[in-house]
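In: My questions are about this predicted structure, shown below with the sequence.
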Amino acid sequence: MHGTKADDLTYSFLRPGAPEQTTEQKFKQRAPGKVLHDAVCSHLNLVEGDYFGLEFPDHRKMMVWLDLLKPIMKQIRRPKHIVVKFVVKFFPPDHAQLQEELTRYLFALQVKQDLAQGRLTCNDTSTALLVSHIVQSEIGDFDETIDREHLAKNKYIPQQEALEDKIMEFHLNHMGQTPAESDFQLLEIARRLEMYGIRLHPAKDREGTKINLAVANTGILVFQGHTKINAFNWAKVRKLSFKRKRFLIKLRPDVNSSFQDTLEFLMASRDFCKSFWKICVEHHAFFRLFEEPKPKPKPVLFSRGSSFRFSGRTQKQVLDYVKEAGHKKVQFERKHSKIRSIRSLTAQPSEQHSEVPKQSSSFTFGDDADAPAVQSCQQGKELKVSAEDAEQRRSPSLRKSPKEGRRVDGVVMATMEEEEEIVKDRTQQNRTQSQQPSTGSLTGSPHLSELSINSQGGPPLANTSLSPNLSPDAKQSSPLISPLLNDPSGIRTDDEEEVRRKRCPADKAYFIAKEVATTERTYLKDLEVITSWFQSAVSKDDYMPETLKNLIFSNFEPLHKFHTSFLKEIEQRLALWEGRSNAHIKGDYQRIGDVMLKNIQSMKQLTIHLRKHNEILMELENGIKNSRKLETLCRDFELQKVCYLPLNTFLLRPLHRLMHYKQIMERLCKHYPPNHTDFRDSRAALAEVSEMMAQLHGNMIKMENFQKLHELKKDLIGIDNLVIPGREFIRLGSLSKLSGKGLQQRMFFLFNDVLLYTSRGLTASNQFKVHGQLPLYGMTIEESEEEWGVPHCLTLRGQRQSIIVAASAQAEMDKWAEDIQMAIDLAEKSNGPAPELLASSPPDNKSPDETTVDQESEDDLSASHTSLERQSPHRGNTTVHVCWHRNTSVSMIDFSIAVENQLSGNLLRKFKNSNGWQKLWVVFTNFCMFFYKSHQDNHPLACLPLLGYALTMPSESENIHKDYVFKLHFKSHVYYFRAESEYTFERWMEVIRSATSSASRTRVLSHKESHVY
């Protein structure tokens, strides 16, 4: 269309090479900039357009943003030949906040452009890695000939030739990665760079030194050249203003700061200064405000200062809008990509190979003679939009439905305990989707990080509907929601995996070495929870004493530094072993014993730090006991996604890692014949690490018991003095207690001196309330199945009370009977009865201004007033809750075995109704499989607690015609996992079996000395 009136403007969307497909649209000449911005977003089908802006050069050739409130013609006064660009304006701190794949694709294009223009600067390694992901997105998997031709024709960075080999080396590692996954990885790397999303504005400080100012989501940044020298967080900034050429930052008073109250910077001109001030105002409003600021009332007589304000939705409003609106996704095609994703959720099977017209959009106003599809209307001007479209794969942004609970890509997130009917309904619903090419909840998008289920608990999941038959407290959020695993989508081609697998060495020693690398990656991430994340959390406030800070971080930081170097050396050796390096010489590098020996010998120097971990654990718990503020800080930290296990568990990781090295070297020595070139180094490394373990083993056992008691303390309410010297944890689990009301489910906790029984109340914290205790001193135990007519029944007779309990199976009853009898024997050898756990204890040593709370009545099973003032976080996914839901139990020996059986690596996962395999990074620890998109992720996307699951091999009728596949199933939930080799398959089977089949004490002690009691 084109204008017919003098006050009309016509703009055109032009598709290069296809002028006949031009689309025109008309609006009033006085239309504000928002109209044009909305039209661009509408044409691109872009929901999250608020992150983008329209940029153009003004009459001084200075790039400025189009004001969405002012009329377009007042801003672009000489429009002929003016190019208006559609570019990213607001860069969020985490690209996982971008819900739409199209949005992430446009961000990736912005990164690509910034690299080409030299705006995004970084070291050569990061540059090559960024370009390798761009190449993977455009041409697919590595092929040396195609790669060289493509890099010769496309220049992504200045002086690209010098980095071509490194780019190709990185590209080789991206096998099977789809364009959307490449976008995600590209943004994951880019967002960590100092210059990501930074636009420099030249200025001078008060001394006349040349600097650059920039604004980001966090605040205002000061650069000298391309090096950041200072930052002013929004929380510290009280006021921003400008006066002629001077840009002023007024800071909030801070006694610890050396800065003056007001900082002054001199810019080139008033216009430059005002432009930067506007950008700062917009960034502050977008990232810090909950809603768009209201316009100021117009003054009656005189106006003072600028009336400029931010216009549009804030980031919070964008996130809420996208999540709640449930937009229908549309297809788009990547202009530069020569490959097609096979996983578009929106495509029907018949459309799988159909082509979508390529759309590179530009907009033209007026009588531009070069625009063949547009006639004269007003003054000519063109607006080009760098938004090459791509084939859309549905993004699993979170949606909520009051009837069906949370959905991920239309798949209901069901609890593990739901009845067969509900599962069948979901299965039927998913069967239709599984016939279509689809992305899957993980592969298609990383945004399931919002659905991460923290092992330590997290905020209750809102609007989650559960089966009414789940449990007496069914209104509570279940801890067993695993959206990632209930999605039947995630189709992946098997040819890519087979090609990658054939390129890997087949030697068992190689896969043992690879296990060192994969588990070391996880161990390093666990160390970073303490050295980076926890240190950052405690540094914000002064709640932790300096002596405790120094004790923790001075002993963990040397470990992190050493193992960072260790991992790098292992990965370099693996690269040589696989032949991924030009320096590869067959035979010389196909070993790992020499690397292990060298580093284990160096590790001996760190023993002094390892010996401090017992002190660290005890001092931290004492600090939490004595300070309510520190207790709150640690509790809040455990709610963060990165803290996927109890905090004090991470303090034990270094000692556990030594045990893993010992096990790995034992397997390697067993594999090698004595005449193997690597046998001597491997045996020497085993001897060295065994010596270290022997010195630290006793210390580790004490720490494990101490840690477990404190962890259980968080799950219990109505109890005092749980952690006392000499007390040892033995077993916890679900049993039914016989009372006048019949059999009622209770949670039992067995220690070496007392047996506690509890029930889960309807409190928001999901803790277990203690109902009673039975001292083991003088207790007797007898089977009473015939007397009460209840299967698997035991009578426990104490000196003051007797109870009848029933287990879910004979095997469970045998474990309980064996452990209780052993605990009774231990109690008889002790000095006498245990202290009263339910009695009132002396007030703790917390500050007097911190209030105490009343104990809860034993008989009150409903929501109560207990601990509401200091309520613990929602603990819905701890081992205790899993045992409650799965009606099973675990012992301290099981926990010790679980510590030994930890594993990390890539697995392919298949849902029982899906047709393809989905690649996941999996960490197995603490009886759970934690799922990540890649090993670089800081926190898991979801987890699957394995207690109660059965581990088997798929049968012929299941049509799983692949090697190295194992099956996990619980009730109607079935998952298939596929390993890359026979060795890794056996290792996964071994470690998972340790969690799915709890060993009896007799069998464990027959081959392993008890180190718990």
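Out: Right, received. Where do you want to start? Numbering: from 1, shown residues only.
In: Could you list the low-pLDDT ranges of the stretch 251-400 of the chain?
Out: Along the stretch 251-400 of the chain, segments meeting pLDDT under 70 span 254-260, 294-307, 325-330, 336-400.
In: go on, the chain?
Out: Ranges of the chain meeting pLDDT under 70: 1-24, 78-81, 254-260, 294-307, 325-330, 336-505, 580-588, 761-765, 831-877, 997-1013.
In: Please go through it and pick out the longest helix.
Out: Of all segments of type helix in the chain, defined using DSSP state H, the longest is helix 679-715.
In: buried ones in it?
Out: 679, 681-686, 688-690, 692, 696, 700, 703-712, 714-715 (16 or more other Cβ atoms under 10 Å). For the C-beta atoms, the positions are set from N, CA and C on the backbone; glycine is no exception.
In: from the chain's centre, how far out does it sit?
Out: A distance of 28 Å separates the centroid of the chain from that of helix 679-715, by Cα atoms, centre = their mean, to the nearest Å.
In: and Pro545, how many residues sit next to it?
Out: 14 (other Cβ atoms under 10 Å).
In: Sorry, slip of the keys, the one I care about is His969.
Out: Using other Cβ under 10 Å, His969 has 14 other residues around it.
In: which stretch of helix or strand covers it?
Out: strand 965-970 (DSSP states H and E).
In: Flag every buried residue along that strand.
Out: Across strand 965-970, burial judged by 16+ other Cβ under 10 Å covers 965-968, 970.
In: Stretch 775-792 now?
Out: Buried, per 16+ other Cβ under 10 Å, within stretch 775-792: 775-777, 779, 781, 784, 790, 792.
In: Please identify which two of those residues are farthest apart in space.
Out: Greatest spatial distance in those: Tyr777 and Val790, 26.8 Å, computed using Cβ to Cβ.
In: how deep is Lys70 tucked in, by neighbour count?
Out: Neighbours of Lys70 using other Cβ under 10 Å come to 15.
In: before we move on, what about Arg667?
Out: Per other Cβ under 10 Å, the neighbour tally for Arg667 reads 17.
In: Need the residues that contact the helix or strand hosting it.
Out: Per DSSP H and E, Arg667 falls inside helix 653-671. Residues from elsewhere that reach helix 653-671 (Cβ atoms under 8 Å, 6 or more residues apart in numbering): 508-509, 512, 515-516, 519, 523, 526-527, 556, 559, 592-593, 596, 600, 609-610, 613, 678-679, 682-683, 685-686, 689-690, 692-693, 696, 699-700, 703, 899-900, 902.
In: Kindly report the same for stretch 514-531.
Out: With contacts defined as Cβ under 8 Å, 6+ apart, stretch 514-531 is touched by 552-553, 556-557, 559-560, 563-564, 566-567, 570-571, 574, 592, 596, 642-643, 650-651, 653-654, 657, 660, 664, 902-906, 923, 925, 935, 938, 984, 987.
In: Please flag which of the residues you listed sit within strands.
Out: 903-906, 923, 925 (DSSP state E).
In: Check those against Cys634 and report the nearest one.
Out: Comparing these against Cys634 with Cβ to Cβ places Thr925 closest, at 20.4 Å.
In: hmm, back to that, chain center to the helix holding Arg667: distance?
Out: 28 Å.
In: any idea of the angle it forms with helix 679-715?
Out: Computed by axes from the mean of the first three to the mean of the last three Cα atoms, to 10 degrees, the angle separating helix 653-671 from helix 679-715 equals 140 degrees.
In: His710 and Val880: what is the separation?
Out: According to Cβ to Cβ, to the nearest Å, His710 and Val880 sit 13 Å apart.
In: cool, and Leu968?
Out: Counting by Cβ to Cβ, the gap from Leu968 to Val880 is 22 Å.
In: again, but for Leu551
Out: Counting by Cβ to Cβ - Leu551 and Val880 are separated by 30 Å.
In: With Thr952 instead?
Out: Distance of Thr952 to Val880, given as Cβ to Cβ: 27 Å.
In: so Asn648 is in which element?
Out: In this structure, Asn648 is located in helix 647-650 according to DSSP H and E.
In: So which elements touch that helix?
Out: helix 613-626, helix 628-638, helix 679-715 (3 or more Cβ pairs under 8 Å, 6 or more residues apart in numbering; DSSP states H and E).
In: Can you mark which positions in the shortest one are buried?
Out: Looking back up the chat, that one is helix 628-638. 628, 630-631, 633-635, 637-638.
In: quick revisit: more neighbours: Leu551 and Val880, which one.
Out: Set Leu551 next to Val880 and count neighbours by other Cβ under 10 Å: Val880 wins out with 25 against 17.
In: Would you check the distance separating the host helix or strand of the more buried one from the middle of the chain?
Out: Assigned by DSSP H and E, Val880 belongs to helix 879-886. Here the centre of helix 879-886 is set off from its chain's centre by 23 Å, with Cα atoms, centre = their mean.
In: just checking, next helix/strand downstream of it?
Out: With secondary structure assigned by DSSP H and E, helix 879-886 is succeeded by strand 889-891.
In: Paired strands for that following strand, with orientation please.
Out: Applying DSSP bridges, strand 889-891 is found paired with strand 729-739 (antiparallel).
In: Starting from the next helix or strand after the strand it pairs with, tell me which strands it pairs with and how they run.
Out: Sequence-wise, the next helix or strand downstream of strand 729-739 (DSSP H and E) is strand 742-751. With DSSP bridges as the test, strand 742-751 is paired with strand 729-739 (antiparallel), strand 754-760 (antiparallel).
In: Now for Leu647, how many residues are close by?
Out: A count of nearby residues for Leu647, using other Cβ under 10 Å, gives 21.
In: can you tell me the helix or strand for the residue lying closest to Phe927 once chain neighbours are set aside?
Out: Spatial nearest neighbour of Phe927, chain neighbours left out: Ala995 (4.4 Å); criterion: Cβ to Cβ, 6 or more residues apart in numbering. Using DSSP H and E, Ala995 sits in helix 982-996.
In: Same question for that helix: list its buried residues.
Out: 983-985, 987-989, 991-992, 994-996.
In: Out of those residues, flag the one nearest to Glu818.
Out: Within the buried residues of helix 982-996, proximity to Glu818 (Cβ to Cβ) peaks at Ser994, which comes in at 18.8 Å.
In: which ones are touching the residue nearest to that closest one when sequence neighbours are not counted?
Out: Nearest in space to Ser994, with sequence neighbours left out and distances taken as Cβ to Cβ, 6+ apart, is Asn901 at 4.2 Å. Going by Cβ under 8 Å, 6+ apart, Asn901 touches 924, 990-991, 994-995.
In: hmm, try it at 10 Å
Out: The contact partners of Asn901, by Cβ atoms under 10 Å, 6 or more residues apart in numbering, come to 660, 663, 924-925, 927, 987, 990-995.
In: Spatially nearest residue to Thr262 (excluding sequence neighbours)?
Out: Lys250 (4.9 Å).
In: count of neighbours near the one you found?
Out: Around Lys250 there are 13 residues (other Cβ under 10 Å).
In: To which secondary structure element is it assigned?
Out: Following DSSP H and E, one finds Lys250 within strand 246-251.
In: Which strands border that strand, and is each parallel or antiparallel?
Out: strand 237-243 (antiparallel), strand 262-266 (antiparallel).
In: Show me the one of those strands that comes nearest Pro202.
Out: Using Cβ to Cβ, the nearest of the strands paired with strand 246-251 to Pro202 is strand 262-266, at 10.0 Å.
In: for whichever helix or strand comes after the closest one, the distance to its chain's centre please.
Out: Next helix or strand after strand 262-266 toward the C-terminus (DSSP H and E): helix 270-288. Remark: helix 270-288 is offset 32 Å from the chain centroid, using Cα atoms, centre = their mean.
In: which residues touch Ala685?
Out: 592-601, 661-662, 664-665, 668-669, 678.
In: for the helix or strand encompassing Asp183, which positions count as buried?
Out: Per DSSP H and E, Asp183 falls inside helix 179-190. Residues of helix 179-190 classed as buried by neighbour count (16+ other Cβ under 10 Å): 179-190.
In: cool, and stretch 559-579?
Out: Quick answer for stretch 559-579 (16+ other Cβ under 10 Å): 559-560, 562-563, 566-567, 570, 573-578.
In: where do the strands sit along the stretch 201-350 of the chain?
Out: 201-204, 210-215, 219-224, 227-233, 237-243, 246-251, 262-266 (DSSP state E, counting those that start in this stretch).
In: Noted, bye for now.
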